[in-house]
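Novice: Dropping the sequence and predicted coords here.
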Amino acid sequence: MTHQNEKLQDLNENNGTTSSLLVGNGEIFKILASGTTKLNNLNLHNVLYVTKITKNLLSVSMLTIDNNALVEFYANYCYMKDKLAGKILLRGKLRDGLYQLSSVNSQVNKDSCVYILLKENWHKKLGHPNNKVLEKVLKNCNVKTSSRDQFSFCEVCQFGKLHLLPFKSSSFHAKEPLKLIQNYVWGPAPILSPSNFKYYVLFIDDYNMFTQIFSFKKNRNNTNNTCFHSTQKSG
């Protein structure tokens, strides 16, 4: 309901009928007319025109039914979301005992972590497949998505595709023992060894490929280590 008739379209006057509105303090206000309007491209039907109210009020049930949406209430704020995509349509803050709604185009961009798109959600659940595979799976499983649910960027996928620059090829070969030692560290192992080792350090002498492996139970800085594989010399 509203006290601003300039916001209403298709205004239908009551023409002398006795339609009235009973408010919380017991007063009765006359309903002069009803009409339709829009709020952030949301449809508002059967909006009552009442001149004596001081604030515009929305019916949660009518708002969600007319726009296929849902509303989530929290202690100091609320969100109206698209039921299909989960995208925020309206945002409200608690002021003077009422949730006051405002345009959220800029606020959603700043606070995008409060919702997750349907495609993005399934993209993560299915192990980050590409868009072609994702759309095929959703179609085969009869999962309907909104045309506004556009998902094109995944930070995890970007990091997963990053590669270190390759090492330059080298023909260098050590001419004497201990001139060049190659060192490899691996761990933690997904499965513990029979002796409960989790970390392994491999040393290789480039001159004769003499190899020695050390294993550690806790971490590579643990001094309580045991030689897991003593030595290995190439033929």
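Specialist: Alright, I've got the coordinates. Worth saying up front: this structure is predicted, and the values here are computed from it rather than measured.
Novice: what bits of the protein have low per-residue confidence?
Specialist: 15-18, 103-117, 146-152, 164-167, 218-235 (pLDDT under 70).
Novice: chain center to the longest helix seen in it, what's the gap?
Specialist: Secondary structure assigned by DSSP state H gives helix 131-140 as the longest helix of the chain. Relative to the chain's own centre, helix 131-140 is displaced by 19 Å; criterion: Cα atoms, centre = their mean, to the nearest Å.
Novice: Can I get that helix as PDB, trimmed to CA atoms?
Specialist: The C-alpha trace of helix 131-140 is given here as PDB (Å, rounded to 0.1, in the frame of the first residue of the first chain):
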ATOM      1  CA  ASN A 131      30.400 -24.800 -19.300                       C
ATOM      2  CA  LYS A 132      29.500 -27.200 -22.200                       C
ATOM      3  CA  VAL A 133      29.600 -30.200 -19.900                       C
ATOM      4  CA  LEU A 134      27.800 -28.400 -17.100                       C
ATOM      5  CA  GLU A 135      24.900 -27.300 -19.400                       C
ATOM      6  CA  LYS A 136      24.600 -30.800 -20.700                       C
ATOM      7  CA  VAL A 137      24.400 -32.400 -17.300                       C
ATOM      8  CA  LEU A 138      21.800 -29.800 -16.000                       C
ATOM      9  CA  LYS A 139      19.700 -30.400 -19.100                       C
ATOM     10  CA  ASN A 140      19.800 -34.200 -18.800                       C
END
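Novice: for that helix, packing partners?
Specialist: If you count contacts as 3 or more Cβ pairs under 8 Å, 6 or more residues apart in numbering; DSSP states H and E, helix 131-140 packs onto helix 118-125. Backbone N, C-alpha and C define where each C-beta goes, glycine included.
Novice: what packs against the helix it packs on?
Specialist: So helix 118-125, by 3+ Cβ pairs under 8 Å, 6+ apart, packs with helix 131-140.
Novice: List the buried residues in the helix it packs on.
Specialist: 134, 138 (16 or more other Cβ atoms under 10 Å).
Novice: who touches whatever helix or strand comes next after that helix?
Specialist: The helix or strand immediately downstream of helix 131-140 is helix 155-160, counting by DSSP states H and E. Here helix 155-160 makes contact (Cβ atoms under 8 Å, 6 or more residues apart in numbering) with 124, 128.
Novice: Let me know the angle separating the longest helix of the chain from helix 118-125.
Specialist: Counting by axes from the mean of the first three to the mean of the last three Cα atoms, to 10 degrees, helix 131-140 points 110 degrees away from the direction of helix 118-125.
Novice: Report the contact partners of the nearest residue to residue 44 once chain neighbours are set aside.
Specialist: Once flanking residues are discounted, residue 44 sits nearest to residue 37: 5.0 Å by Cβ to Cβ, 6 or more residues apart in numbering. Counting by Cβ under 8 Å, 6+ apart, residue 37 makes contact with 2, 7-9, 44, 47.
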